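A.B. asks: 3D model of this:
(2 chains)
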2 protein chains.
Amino acid sequence: MRAVVMHAPGDVRVEDRPDPRIVDPTDAVVRLAATCICGSDLWPYRGAEPVDHQPMGHEFVGFVEQVGSEVTSVKPGDFVVGSFVLSDNTCEICRSGYQSHCVHRIFTGSEVGTQAQRARIPMADGSLVATPGTPDEDVMASLLAASDVLGTGWFAALAAEVGPGKTVSVVGDGAVGLMGVLAARQLGAERVIAMSRHVDRQALAREFGATDIVEERGDEGVARIKELTDGLGAHSVIEAVGTQESMMQAIRATRAGGHVGYVGVAHDVNLPGAELFFSGVHLHGGPAPVREYLPHLIDLIWRREINPGKVFDLRLPLEDAAEGYRAMDERRAIKVLLEV
Amino acid sequence: MRAVVMHAPGDVRVEDRPDPRIVDPTDAVVRLAATCICGSDLWPYRGAEPVDHQPMGHEFVGFVEQVGSEVTSVKPGDFVVGSFVLSDNTCEICRSGYQSHCVHRIFTGSEVGTQAQRARIPMADGSLVATPGTPDEDVMASLLAASDVLGTGWFAALAAEVGPGKTVSVVGDGAVGLMGVLAARQLGAERVIAMSRHVDRQALAREFGATDIVEERGDEGVARIKELTDGLGAHSVIEAVGTQESMMQAIRATRAGGHVGYVGVAHDVNLPGAELFFSGVHLHGGPAPVREYLPHLIDLIWRREINPGKVFDLRLPLEDAAEGYRAMDERRAIKVLLEV
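C.D. replies: Numbering: from 1, shown residues only, chains lettered A, B, ... in the order given. Next comes the predicted model:
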């Protein structure tokens, strides 16, 4: 089969790799219908994380082709959505809603690689969620979005305790930030302030439910959020970047007693304890337990209540993955869908 | 009047200072019945925070002597409990339960100083809570404890989302940590693990409701907590020290999706972003909104349901404050009550 392999930073190739097969009785083999490139794939692409001949990809939708003898919840022919962490969905941590920290978790990106024609999915029962039927083409991209960016934005909004009557600020206008905007609106936020200086992303943020746009960043961005919130700061802030600046911007834009939901993978971030202490904010985040939200998100998409697939602004065949990486690296594309 | 002044690190004196009087119409003057020395007073005492001729003290109970013309909720003769932050209790932040971040807040320790015979209390209506009557001697120390350490331990337990069925670990066996043990038990925790290597403090922790004692610290302490919790970590961890080691111990002893409530004033703490991200814990803390909890805590004490006053293991007259500081600095005393 054909699959995307990152040989080294900046060096992405589509190559022949062995077809996956059932190894454990809890496995499934999925023939991918669509996959995509994640903002987090840019960290190794840019040399910010080590990478050496790594099969890439951790977001996926597709058809189950084979299942192991112990798999009971999906069967060949089912259309399924997975996510970037595979989980047993039965351990105490999973049952508490934190499947991304499952005691048996497997990171799809490290051990599977779904920028490919097929993938072996361990713990299929705990990881895959079947759609009600074969999806129409108009919801395919949205289901793929649920696999990571929507699920992650949803978790960020929940971690930030978004809810009715609240003012929410979103730091980061990448795909996850935009999904955070959508989630905040779905979860009933009164006001959603997207922080973005890119006109096209501002437009998409508004389409997803942003009520205000703030172009300033850093201290100036914080000052603008304070101005918009009677000097107090937002009730909820979603952080979807992962840098020192974005984390501090998020913390400082949050009122005392408010909540920061952070999902940007932290790189070279150190939080000053005394400032955090006196801020009085709640902090929660990390890898999103997408599996927890998939049934609900699939339902919203199936009923055409949300259209997160709009976040994909470039579609390429799998063979052109290298161009997809370049487009995202150069910020020519928000998020690239790879057609398999 | 007589009052405690810290001239410099390690140099505590009891001196004559002017009697306080009503300045603003929202003030009250309180004749103190008892006050005490806080673990946080040791930071400047040890030179870890700057100090220069600072009137000391931020915990207090006493009788209202005079009130300004606009004060309506307390009157001369009332016995009142205050706390280390004075607040209007009407602003949006106060109404959300975060009086310690009131938009008009005044830190009692910086601007009032209650290790004294009398104190002027600004924003009396928002800051003071009257007891149902003049307290009997047996609850005096407990009411004083409510003023800071109990209120702070209570907040830590709430911030750590302590509740029925949960396992709680408490890092720090000072007065606040011990109050955290008491709060955790009151809030219904199933198991309360006190981390302490001092036999006398272990005994007090058990009396306040600890079900287990762990003597190990740092990585070994974390490993013991994991052993006691099926390898997962505690649901809730209370951090009541404020050092890098104690914060990391608290975060690492918490399961993914669990909650760290931290109330040790952070000194030279830097939280590594990537570790925090992948821990999946919730983090909340800071200066406790004691005012929010005072009515409930006073009620529990008045009904003799809790006896937090036991945390005071040394009582001295105000004139002997310097000896009180020495005893706490040398850890000969957990917490010192100063009789006024």
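A.B. asks: Find the residue closest to whatever residue of the stretch 101-250 of chain A ends up closest to chain B in space, skipping its chain neighbours.
C.D. replies: Nearest residue of the stretch 101-250 of chain A to chain B (Cβ to the nearest Cβ) works out as A:H101 at 3.2 Å. (C-beta placed from N, C-alpha, C; glycine too.) In space, A:H101 comes closest to B:A256 once its chain neighbours are excluded; the distance is 3.2 Å by Cβ to Cβ, 6 or more residues apart in numbering or on different chains.
A.B. asks: how many neighbours does that neighbour have?
C.D. replies: B:A256: 22 surrounding residues under other Cβ atoms under 10 Å in any protein chain shown.
A.B. asks: quick one, what contacts it?
C.D. replies: Counting by Cβ atoms under 8 Å, 6 or more residues apart in numbering or on different chains, B:A256 makes contact with A:93, A:98, A:100-101, A:286, B:233, B:279-281.
A.B. asks: Out of those residues, which end up buried?
C.D. replies: Among the contacts of B:A256, those buried by neighbour count (16 or more other Cβ atoms under 10 Å in any protein chain shown) are A:93, A:98, A:100-101, A:286, B:233, B:279-281.
A.B. asks: Rebuild those as JSON lines, extending it with secondary structure and distance to B:I225.
C.D. replies: As requested, the buried ones among the contacts of B:A256 are exported to JSON lines (DSSP: H, G, I helix; E, B strand; the rest coil; distance: Cβ to Cβ, whole Å):
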{"residue": "A:I93", "secondary structure": "helix", "distance to B:I225": "15"}
{"residue": "A:Y98", "secondary structure": "coil", "distance to B:I225": "18"}
{"residue": "A:S100", "secondary structure": "helix", "distance to B:I225": "22"}
{"residue": "A:H101", "secondary structure": "helix", "distance to B:I225": "16"}
{"residue": "A:G286", "secondary structure": "coil", "distance to B:I225": "20"}
{"residue": "B:G233", "secondary structure": "coil", "distance to B:I225": "6"}
{"residue": "B:S279", "secondary structure": "helix", "distance to B:I225": "14"}
{"residue": "B:G280", "secondary structure": "coil", "distance to B:I225": "16"}
{"residue": "B:V281", "secondary structure": "coil", "distance to B:I225": "13"}
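A.B. asks: Check those residues and tell me the two furthest apart.
C.D. replies: A:S100 and B:G233 (15.4 Å; Cβ to Cβ).
A.B. asks: Just give me the residue right at the centre of chain A.
C.D. replies: A:V149 (2.4 Å; Cα atoms, centre = their mean).
A.B. asks: Nearest residue to that residue in space, please, no chain neighbours.
C.D. replies: Per Cβ to Cβ, 6+ apart, closest to A:V149 is A:A175, 4.4 Å.
A.B. asks: Domain parsing of chain A, as residue ranges.
C.D. replies: Using automatic domain parsing, the domain ranges for chain A come out as A:2-148+A:289-339, A:151-285.
A.B. asks: Identify whichever of these lies nearest to B:R326.
C.D. replies: Closest of these to B:R326 is domain A:151-285, at 26.8 Å (criterion: Cβ to Cβ).
A.B. asks: end-to-end on the closest one?
C.D. replies: One end of domain A:151-285 sits 13 Å from the other (Cα to Cα, to the nearest Å).
A.B. asks: Distance from the chain centre to stretch A:150-157, please.
C.D. replies: Centroid separation between stretch A:150-157 and its chain, computed with Cα atoms, centre = their mean, to the nearest Å, is 7 Å.
A.B. asks: So that stretch, near chain B or not?
C.D. replies: No: Stretch A:150-157 does not reach chain B (Cβ under 8 Å from any Cβ of the partner chain); its nearest approach is 10.4 Å.
A.B. asks: sorry, back to before: what are the pairing partners of the helix or strand hosting the residue nearest to A:H101, and which direction each?
C.D. replies: For B:A256, the host element (DSSP states H and E) is strand B:254-262. Under the criterion DSSP bridges, strand B:254-262 sits next to strand B:234-239 (parallel), strand B:282-285 (parallel) in its sheet.
A.B. asks: now, of those, which is deepest in the fold?
C.D. replies: A comparison of the strands paired with strand B:254-262 by mean neighbour count, using mean count of other Cβ atoms under 10 Å in any protein chain shown, puts strand B:234-239 on top with a mean of 30.
A.B. asks: And the next helix or strand past that strand?
C.D. replies: As assigned by DSSP H and E, the chain's next helix or strand after strand B:234-239 is helix B:244-252.
A.B. asks: Which strands or helices does that next one pack on?
C.D. replies: In terms of contacts (3 or more Cβ pairs under 8 Å, 6 or more residues apart in numbering or on different chains; DSSP states H and E), helix B:244-252 is packed against strand B:167-171, helix B:218-228, strand B:234-239, strand B:254-262, strand B:270-272, helix B:273-279.
A.B. asks: hey, which of these is tucked in deepest?
C.D. replies: Burial of those is given as mean neighbour count (mean count of other Cβ under 10 Å); strand B:167-171 ranks first at a mean of 32.
A.B. asks: how about the CA coordinates for it, as CSV?
C.D. replies: Extracted C-alpha coordinates of strand B:167-171, given in CSV (Å, rounded to 0.1, in the frame of the first residue of the first chain):
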residue,chain,number,x,y,z
THR,B,167,-8.9,9.3,47.2
VAL,B,168,-7.2,12.5,48.3
SER,B,169,-3.5,13.0,48.9
VAL,B,170,-2.3,16.0,50.9
VAL,B,171,1.2,17.3,50.3
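A.B. asks: report the angle between the axes of it and strand B:254-262?
C.D. replies: Using axes from the mean of the first three to the mean of the last three Cα atoms, to 10 degrees, the direction of strand B:167-171 lies 50 degrees away from that of strand B:254-262.
A.B. asks: So which elements touch the helix or strand following strand B:167-171?
C.D. replies: Next along the chain after strand B:167-171, taking DSSP H and E as the criterion, comes helix B:175-186. If contacts are counted by 3+ Cβ pairs under 8 Å, 6+ apart, helix B:175-186 sits against helix B:149-159, strand B:167-171, strand B:191-195, helix B:199-208, strand B:234-239.
A.B. asks: quick one, helix B:175-186 and strand B:167-171 angle?
C.D. replies: For helix B:175-186 against strand B:167-171, the angle by the same axes, to 10 degrees is 170 degrees.
A.B. asks: what pLDDT, on average, does helix B:175-186 get?
C.D. replies: Mean pLDDT, computed over helix B:175-186, is 98.
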